[in-house]
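>>> Using only what follows, build the 3D model:
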Amino acid sequence: MQQTSPHLALEVRGLAHRYSGGRGVTEVSIGVPRGSITGFIGVNGAGKSTTLRCVLGLLSPHAGEIRLFGGPADAARRRRVGFLPEERGLFARDRARDVIAFNARLKGMERKAALAAADRLLGRIGLGGRERARIETLSKGNAQRVQLLCALAHGPELLVLDEPLSGLDPIAQSEILSLFAEFRAGGGAILFSTHSMAAAEAICDRVVILSNGRTVFEGAVAEAAALAPHGAIVVTDDDAGLIAAADAVGGRTLPLGRTTVRLGAATRWQVALPQDVTPPVLMRALSERSVPIFAFEPIRQDLEGAFWSLTRAPDAARAPDRRAA
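Modelled structure (predicted):
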């Protein structure tokens with residue numbers, strides 16, 4: 001890494017870690033500015049959890065560099081990071097106050113200060129008066145909130161969160177997202193792995209998109225959404241007819257895989273259209289060629305549309321020079 005930006009809480013460049021079976025990450029780059037929320041997006045197996053474990057020192061990178069708060073990612077700087085793992089680690093008999101304070105003390109807080117922080121945070125999420133409640137008596141959403149408080153209690157400057165919204169109902173998700181916004185407003189930085197495109201688009205300043213162990217996009221949410229193709233997703237069992245219809249209107253086709261339909265199997269296609277050609281024009285071209293259509297959906301030009309375009313494109317296995325700038 002040639003130069004570290006002082007406004008970045010986390011900077012990862014050229015990260016690689018390969019497992020014996022061949023999976024892992026080969027070229028991951030991430031920048032998380034202070035006072036920002038960065039969404040970390042990729043399908044299962046893209047390399048998100050491996051990357052987070054390297055950042056936290058749970059795995060050793062085989063190549064690349066990780067820097068925290070402008071310096072090497074050593075033990076002292078990692079104590080300034082709060083982590084919420086995807087695997088939930090609260091024991092049913094733990095008491096809410098005690099488990100939060102325990103995690104804060106692991107990061108170096110004194111016992112009295114850790115207990116005070118636990119009480120304050122429990123009050124913040126509406127659990128004041130239930131400080132000694134056992135985890136098994138809490139709802140799933142409240143137990144998830146308690147685990148998030150375990151990552152917040154010691155006053156970190158960076159939160160690293162692996163699927164923090166997993167399994168939560170919309171109300172619980174909304175309340176946790178409000179905690180994120182409050183943390184960011186106080187100058188904290190957040191990197192969170194999520195499958196929720198809606199949540200990422202609603203609250204993130206930036207996104208990092210992974211595909212096959214590589215960063216294929218890193219930048220502002222609006223810049224990512226602008227990369228969504230203009231066109232439609234079409235499911236048909238007449239591949240040749242689909243390609244011919246797309247060619248006739250100046251479109252480009254990309255097969256997204258086989259899918260099951262009522263009459264058997266078909267192919268799901270992405271058809272990118274010129275900006276002056278609307279999806280109904282493609283529909284008419286398909287109809288003129290009697291191409292059977294099992295599904296037809298215009299591509300939304302938003303983060304989700306960009307995500308599927310970037311991760312399904314033939315060159316997604318290579319980190320693009322401008323998209324990952």
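>>> contact partners of the helix ranked longest in the chain?
Determined from DSSP state H, the single longest helix within the chain is helix 170-185. Helix 170-185 has contacts (C-beta atoms under 8 Å, 6 or more residues apart in numbering) with 35-37, 124-125, 140-141, 144-145, 148, 152, 159, 164-165, 168, 190, 192, 196, 199, 202-203. C-betas here are computed from N, CA, C, even on glycine.
>>> List only buried entries from those.
Among the contacts of helix 170-185, those buried by neighbour count (16 or more other C-beta atoms under 10 Å) are 36-37, 125, 141, 144-145, 148, 152, 159, 164-165, 168, 190, 192, 196, 199, 203.
>>> Show me what the strand or helix carrying residue 200 packs onto, helices and strands only.
Under the criterion of DSSP states H and E, residue 200 resides in helix 197-203. Here helix 197-203 touches strand 37-41, helix 170-185, helix 221-225, helix 303-312, going by 3 or more C-beta pairs under 8 Å, 6 or more residues apart in numbering; DSSP states H and E.
>>> returning to what we had before: please narrow the buried ones among the contacts of helix 170-185 to those residing in helices.
141, 144, 145, 148, 152, 199, 203.
>>> ok, now how distant is the third one from residue 71?
To tie it back to what came earlier, the one meant is residue 145. Relative to residue 71, residue 145 is positioned 32 Å away (C-beta to C-beta, to the nearest Å).
>>> Likewise for the second one?
Between residue 144 and residue 71 the distance, using C-beta to C-beta, works out to 32 Å.
>>> Contacts for the helix holding residue 200, please.
Applying C-beta under 8 Å, 6+ apart, the external contacts of helix 197-203 come out as 37, 39, 41, 165, 173, 177, 180-181, 194, 207, 221, 225, 302-304, 307.
>>> Ok, stretch 278-293 next?
So stretch 278-293 is in contact with 231-232, 234-238, 241-242, 244-246, 248-249, 251, 271, 273, 296, 298, going by C-beta under 8 Å, 6+ apart.
>>> Can I get that stretch in CSV, CA atoms only?
Extracted C-alpha coordinates of stretch 278-293, given in CSV (Å, rounded to 0.1, in the frame of the first residue of the first chain):
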residue,chain,number,x,y,z
THR,A,278,-37.7,0.2,-23.9
PRO,A,279,-38.5,-3.2,-22.5
PRO,A,280,-41.9,-3.3,-24.3
VAL,A,281,-39.9,-3.1,-27.6
LEU,A,282,-38.1,-6.3,-26.6
MET,A,283,-41.4,-7.9,-25.6
ARG,A,284,-42.8,-7.1,-29.1
ALA,A,285,-39.7,-8.6,-30.8
LEU,A,286,-40.1,-11.8,-28.7
SER,A,287,-43.8,-12.0,-29.6
GLU,A,288,-43.1,-11.5,-33.3
ARG,A,289,-40.8,-14.6,-33.2
SER,A,290,-43.3,-16.6,-31.1
VAL,A,291,-40.7,-17.0,-28.3
PRO,A,292,-42.4,-18.5,-25.2
ILE,A,293,-42.0,-16.2,-22.2
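>>> which parts of that stretch are buried?
278, 279, 281, 282, 283, 285, 286, 291, 293.
>>> Need the residues you listed in TSV (columns: distance to residue 120 and pLDDT).
Shown next, in TSV, are the buried residues of stretch 278-293 (distance: C-beta to C-beta, whole Å; pLDDT from 0 to 100):
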residue	distance to residue 120	pLDDT
278	55	93
279	53	94
281	59	96
282	57	96
283	58	96
285	62	96
286	60	97
291	62	95
293	57	94
